[in-house]
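Colleague: Everything below, folded, please.
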Amino acid sequence: MKLSSIYLVFFMLVLASCQNDNTTLIIEQQKEAKKKEVIFNNINRGWVFNIAPVESLTQSRINSWMEWRNFLTEINQKPKSTIGAFQKKSKALSVKVMDLNNNIPLEFNKPQVKARIAVVTTKIKSLDLFIHLNQIPDAKVVKLIGEINMEVEYLQLQMEEIVKRSLIPREDGEPDMMSMKDSTRAVPSTNIDPDLE
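Modeller: Residues are numbered from 1 along each chain as shown. Got it, this is the predicted structure:
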């Protein structure tokens, strides 16, 4: 009899313990769901890409750059439903930004433009990294979106600067003088003293 009452008490304790664990688990799940909802709402409000259009002359020169157009199309489409949609969008953006290094128009295929593309790529890769973490730092994600906006604007300004410089008329003989200043194209002197050899 004593043994059966000990078993009964033990069974009641285990049952009460399991119920407490289930209640605790449900409370923790509710807290986690609320936290994820707050993170989603913060990212949803902060996911604003303001890509200003470039000047018409610059636009006409980059119209053939399909990778740039695809990137702008992708960045201007905002995901809506879940945090998973934002994660997919950031992944797609990181693929599109990597494609920007392909088929750059000859006029813009310069180190300064490539450097700007590299900075935009780094920022978007960071966004992709942070949004895929288990504990998403929503403030950092929103801050990166602002930085990406700024870096894309700087890239566009760099392209506009190249176009403006190309419109400046050159004086007679200026291209020859510029090539002579270029030390990589220096022509060795043919009047070498034979005694020095």
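Colleague: Spatially nearest residue to the one residue sitting closest to the centre of the chain (excluding sequence neighbours)?
Modeller: Centroid check for the chain by Cα atoms, centre = their mean gives Ile124 as the closest residue, at 1.1 Å. Once flanking residues are discounted, Ile124 sits nearest to Val97: 4.7 Å by Cβ to Cβ, 6 or more residues apart in numbering. Any C-beta I mention is one placed from the backbone N, CA and C, and that applies to glycine too.
Colleague: Over to Tyr154?
Modeller: Arg116 (5.9 Å).
Colleague: Over to Asn63?
Modeller: Nearest to Asn63 is Arg69, by Cβ to Cβ, 6+ apart, at 7.8 Å.
Colleague: Roughly how far does the one you found sit from Val152?
Modeller: 14 Å (Cβ to Cβ, to the nearest Å).
Colleague: quick one: low-confidence parts of the protein?
Modeller: 1-3, 7-22, 173-175, 178, 181-197 (pLDDT under 70).
Colleague: what ranges do the helices span in it?
Modeller: 2-46, 56-62, 66-76, 83-99, 111-131, 138-167, 174-181 (DSSP state H).
Colleague: of these, which approaches Pro105 most closely?
Modeller: helix 56-62 (6.3 Å; Cβ to Cβ).
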